[in-house]
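Peer 1: Build me a model from this:
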Amino acid sequence: SLPTRDLVAVAVPAVLALGFGRLMLGQFRFPIGWDAQNHAVLVGNILQTGSTSISDACSTGSTVRVTACNFYPLAVDVSWAQAADFTGGAVSHAMTTWSMFVGPLALVAALYTAVRVMGGRRIVASCAAGAAIVVGSLWEQQLEGRATGAIPAFGVMIALLVAVGVKDREPVRLGLLAGLA
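Peer 2: Numbers count the residues shown, from 1 in each chain. Now for the predicted structure:
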């Protein structure tokens with residue numbers, strides 16, 4: 001089980017992520033940008049057809065369905081469709097909630113855990129997780145409507161893993177670092 005100090009250390013950047021998510025995206029009723037619109041179409045197709053097959057879900061326009069998912073992987077779209085279907089809410093609400101809360105909290109948890117697993121102290125892990133929220137490209141991607149494009153915010157995580165990995169001479173940790181990078 002997690003020690004209390006770890007819970008407190010991860011709670012601080014988590015609250016920061018929730019605050020920034022609400023501040024940056026909370027004023028929008030719908031996700032913005034062309035990329036968000038494309039994903040909304042894919043989610044709508046999944047809900048309309050009841051299928052997650054590429055031929056049913058992927059579309060490049062309102063009438064012609066083609067295999068276009070080589071650019072748009074469906075994993076997050078399936079999650080949004082499931083959330084909208086399960087809650088009875090709008091697709092836009094599922095997408096906005098993911099952008100404001102789920103994605104940033106997952107980033108915080110992943111970064112904190114990675115730094116701790118690599119031997120970093122709690123304070124370093126907490127600062128790294130907080131830095132990814134305010135320094136990385138997470139919010140720029142969200143404001144552009146690239147809800148799935150928040151992955152570049154992991155650049156801060158990679159830099160910290162390099163720092164932690166280089167200070168330690170264990171090849172297993174450096175191998176893990178290389179795999180994550």
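Peer 1: Need the residues that contact the longest helix anywhere in the chain.
Peer 2: With secondary structure taken from DSSP state H, the chain has its longest helix at helix 4-25. Helix 4-25 is contacted by residues 96, 99-101, 104-105, 107-109, 111-112, 116, 122-123, 125-126, 129-130, 132-134, 139, 142-143 when judged by C-beta atoms under 8 Å, 6 or more residues apart in numbering. C-beta here means a position set from N, CA and C on the backbone, and glycine is covered the same way.
Peer 1: Do you know the pLDDT at G89?
Peer 2: We have a pLDDT of 89 for G89.
Peer 1: which residues touch the strand or helix carrying F86?
Peer 2: Element membership of F86, judged by DSSP states H and E, is helix 75-87. With contact meaning C-beta under 8 Å, 6+ apart, helix 75-87 is reached by 39, 42-43, 46-47, 52, 57, 89-91, 93-95, 97-98, 147-148.
Peer 1: how far away is M24 from G50?
Peer 2: Distance, M24 to G50, by C-beta to C-beta, to the nearest Å: 34 Å.
Peer 1: Looking only at neighbour counts, state which of those two leads.
Peer 2: A count of neighbours by other C-beta atoms under 10 Å puts M24 above the other of M24 and G50, at 17 against 9.
Peer 1: residues near the spatially closest residue to E144 that is not a sequence neighbour, how many?
Peer 2: In this structure, E144 finds its nearest non-sequential neighbour in G33, 5.0 Å apart by C-beta to C-beta, 6 or more residues apart in numbering. The number of residues packed near G33 is 16, by other C-beta under 10 Å.
Peer 1: pLDDT wise, what is G33 at?
Peer 2: pLDDT, G33: 70.
Peer 1: Go ahead and confirm it touches E140.
Peer 2: No - between G33 and E140 there is no contact under C-beta atoms under 8 Å: 11.2 Å.
Peer 1: any idea where the helices of this protein begin and end?
Peer 2: Under the criterion DSSP H, the chain contains helices at 4-25, 34-49, 54-57, 75-87, 91-97, 103-117, 122-134, 138-143, 154-167, 171-180.
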